[in-house]
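Student: Give me coordinates for this.
(one chain, ligands or ions: 1)
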Amino acid sequence: MAKVLIVDDSKTSRRILKNFLTQFGHEVIGEAENGEIGVEMYKNLKPDVVTLDITMPVMDGVEALGKIKEFDKDAKVVMVTAAGQRDHVMGAIKAGALEFVTKPFEENILKKVFEKICV
Ligand SMILES: [Mg+2]
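Tutor: Below you'll find the predicted structure:
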């Protein structure tokens, strides 16, 4: 059971992710539509896990990851990626992302990733 912050500029992606996570027994305690808002919400809400979409306006997921890690080096961050984002993925690994999930979300993969993180 984890308290999760979802950061994604796509309302549809946030809804789908929230539905899955809620179904798995997690609690979505906040949603943000870009990295800048996401970082602020992370500081205020202190979630157990934050999901960061990579491509977002204002501040993308990789930059937000850096700022969140700066604030909390133990932050558990799941990056949300789309196809063709290998460079960003490498950057996120270096910056300390814990896991990656790819859009479109697959229930089984998402479930496993969160089970692994929440032990
Ligand atoms: Mg996006």
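
Student: Tell me which residue lies nearest the centroid of the chain.
Tutor: Within the chain, one residue has its C-alpha closest to the average C-alpha position: by CA atoms, centre = their mean, that is Thr51, at 0.9 Å.

Student: Ramachandran coordinates for it?
Tutor: phi -100, psi 130 (degrees, to the nearest 10).

Student: Check Ala92 too.
Tutor: Torsion angles at Ala92 (phi, psi; degrees, to the nearest 10) stand at phi -70, psi -40.

Student: Any idea how many residues pack against the nearest residue to it once chain neighbours are set aside?
Tutor: In space, and not counting its chain neighbours, Ala92 is closest to Met79: 4.8 Å by CB to CB, 6 or more residues apart in numbering. All C-beta atoms are positioned from the backbone trio N, CA, C, and that covers glycine. Counted with other CB atoms under 10 Å, residues neighbouring Met79 total 26.

Student: likewise Lys112?
Tutor: The local packing of Lys112 (other CB under 10 Å) involves 13 other residues.
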